[in-house]
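**Student:** Predicted structure and sequence below. I'll ask about it afterward.
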Amino acid sequence: MKDIITREEVINHPVEKVWNAISRAEEISTWFIKADFKAEAGTKYQFTASEENGCINITGEVKEATPYTLIYTWIVEGTDVVTTVKWRLEKKGEGTKLYLEHSGIANYPEESAIKMFESFSGGWQGCVNQLQDYLKK
Amino acid sequence: MQQKIDKIFKAIADPTRREILHALVMASVALPITDISAKFDISRQGVTKHIKVLADANLVKIKKKGREQMIYPNPKSLKTVSDWLKFYENFWDDKLKNLANYLDNK
């Protein structure tokens, strides 16, 4: 368990198509969250969560938006914890290699403390089952 | 809620506090500040300061027993951190699946 979440995937679609999907408001609104978004560094954006997402809005600022890197801050409404979401795309043959990183989670600089948690025998890690309820708190 | 998580992470960012917390959780009983101080070879004042930060993040609880302050481990709040990470892991997995579906059907 780390305090940074990374995902790497190969998508069988051209990089331009994937880029549009992650950077254009109308497309983001379709597959992600209803978005008031402009892929331009320095602009503020808002993702408006629907009720099924727990009614929590996300706001932030676009830090970088040059093909094919998109970086924006991610602030859950009502909190002051600033995290960062980074998308990076690479052309891979006919497809696209997608790299996603959600970092600064809890603004914690090291991994070492998290490793410590894994050594706990209390079984707290197995207690995680009410994620939806948790988000609604 | 997120505010609290932030406090938890800040509290455990310090290696000494991590060790103190770890010792408490491993002992799984309350320890007097005096014992913790002796065990870690830090002044009582120093330990008290660390304990305050941990208590503020709700990772330990302080109870007075006679003249001594007893420190109880409260690992339950670590679950908060775990929940938070797990939540986002699931969230992104879900969304990436959506993205792939969206692109396939476009």
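**Tutor:** Sure, I can see it. Predicted, not measured: the structure shown is a model, and the values here were computed from it.

**Student:** Can you name the next helix or strand after the helix or strand where B:L54 lies?
**Tutor:** Remark: B:L54 resides in helix B:44-56, with elements defined by DSSP states H and E. Sequence-wise, the next helix or strand beyond helix B:44-56 is strand B:60-65, with elements assigned using DSSP H and E.

**Student:** quick one, strands of the chain?
**Tutor:** Looking at chain A here, since you left the chain open. A:5-11, A:34-36, A:44-48, A:58-66, A:69-76, A:82-92, A:95-103 (DSSP state E).

**Student:** not what I meant, chain B
**Tutor:** Secondary structure of chain B, counting by DSSP E: strands at B:31-32, B:60-65, B:68-73.

**Student:** Now do the helix holding B:L54: distance to the chain's middle.
**Tutor:** Centroid separation between helix B:44-56 and its chain, computed with CA atoms, centre = their mean, to the nearest Å, is 13 Å.

**Student:** how much does that helix deviate in direction from strand B:60-65?
**Tutor:** Using axes from the mean of the first three to the mean of the last three CA atoms, to 10 degrees, one finds that helix B:44-56 and strand B:60-65 are set 120 degrees apart in direction.

**Student:** residues of helix B:44-56 that come out buried?
**Tutor:** By neighbour count on 16 or more other CB atoms under 10 Å in any protein chain shown, the buried set for helix B:44-56 is B:V47, B:T48, B:H50, B:I51, B:V53, B:L54, B:A55. All C-beta atoms are positioned from the backbone trio N, CA, C, and that covers glycine.

**Student:** any chance of these in CSV, plus pLDDT and distance to chain A?
**Tutor:** Listed next are the buried residues of helix B:44-56 as CSV, based on pLDDT from 0 to 100; distance: CB to the nearest CB, whole Å:
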residue, pLDDT, distance to chain A
B:V47, 92, 19
B:T48, 93, 21
B:H50, 95, 14
B:I51, 95, 17
B:V53, 94, 13
B:L54, 93, 12
B:A55, 93, 17
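
**Student:** Widest-spaced pair of those?
**Tutor:** For the buried residues of helix B:44-56, with distances taken as CB to CB, the pair at the greatest spread is B:V47 and B:A55 (12.0 Å).

**Student:** Relative to B:P32, how far out is B:K64?
**Tutor:** Distance of B:K64 to B:P32, given as CB to CB, to the nearest Å: 11 Å.

**Student:** and what of A:K17?
**Tutor:** To B:P32, A:K17 is 64 Å away according to CB to CB.

**Student:** Kindly report the same for B:P15.
**Tutor:** 22 Å.

**Student:** Which one's more surrounded, these two?
**Tutor:** Each of B:P15 and B:P32 has its neighbours counted (other CB atoms under 10 Å in any protein chain shown); B:P32 has more, 15 against 12.
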